[in-house]
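S.K.: sequence first, predicted coordinates after that:
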Amino acid sequence: MFFRKKYGHVAFLTLPFTLISLCSVMMIVLFFFWNVGSKIYSAIKGMISVGFHMHFSFDPSFIYINTSTTVFIAIAVLSMTMALLISSRKIAGEKLIPEKLIYFVFVYPILAPLWIGRSVIKLAFRKKTSWR
């Protein structure tokens, strides 16, 4: 179906971009879990090597603000998404900031990779969906 003229825009745009986005989401999620796992492994290895001591001290590092480009791009994308959602609700004449919008900001980034991963696994093992 990919790049066949008889399927039109679906074959030349939609399917290739969908495949690219699925692969990129899966890679981002894998890199995230790999980085988290390596940080946890390093922390555990450090605690084992020097001994674990319950020592609490004041750390002024909370004053530091991360100024990397990735943070600014993430803030810009989140701000534009929120502005788009709020303006679309204003055009529709609905309440500007519903509680669903808060769920969208905090819950959707956690659930979306799980949904995509589940669909990729179902596709890989050719499992049929029950509602079809």
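M.R.: Received it, and whenever you're ready, just let me know what you need. Remember, it's a predicted structure, so these values are computed and weren't measured experimentally. Residues are numbered from 1 along each chain as shown.
S.K.: go through the protein and flag its longest helix.
M.R.: helix 15-50 (DSSP state H).
S.K.: helix or strand for the spatially most central residue of the chain, which one?
M.R.: Geometric centre of the chain, nearest residue: residue 109, 4.5 Å, by C-alpha atoms, centre = their mean. Here residue 109 sits within helix 108-124, counting by DSSP states H and E.
S.K.: same for that helix, what does it pack against?
M.R.: Identification of packing neighbours for helix 108-124 by 3 or more C-beta pairs under 8 Å, 6 or more residues apart in numbering; DSSP states H and E yields helix 15-50. C-betas here are computed from N, CA, C, even on glycine.
S.K.: may I see the buried residues of the helix it packs on?
M.R.: Neighbour counts over helix 15-50 (16 or more other C-beta atoms under 10 Å) mark 15, 25 as buried.
S.K.: can you give me the angle it makes with helix 108-124?
M.R.: Here the directions of helix 15-50 and helix 108-124 differ by 110 degrees (axes from the mean of the first three to the mean of the last three C-alpha atoms, to 10 degrees).
S.K.: circling back to that earlier point, quick one: the helix holding residue 109 to chain centroid distance?
M.R.: From the chain centre to the centre of helix 108-124 is a distance of 11 Å (C-alpha atoms, centre = their mean, to the nearest Å).
S.K.: give me the contact list for it.
M.R.: By C-beta atoms under 8 Å, 6 or more residues apart in numbering, the surrounding residues in contact with helix 108-124 are 22, 25-26, 28-29, 127, 129.
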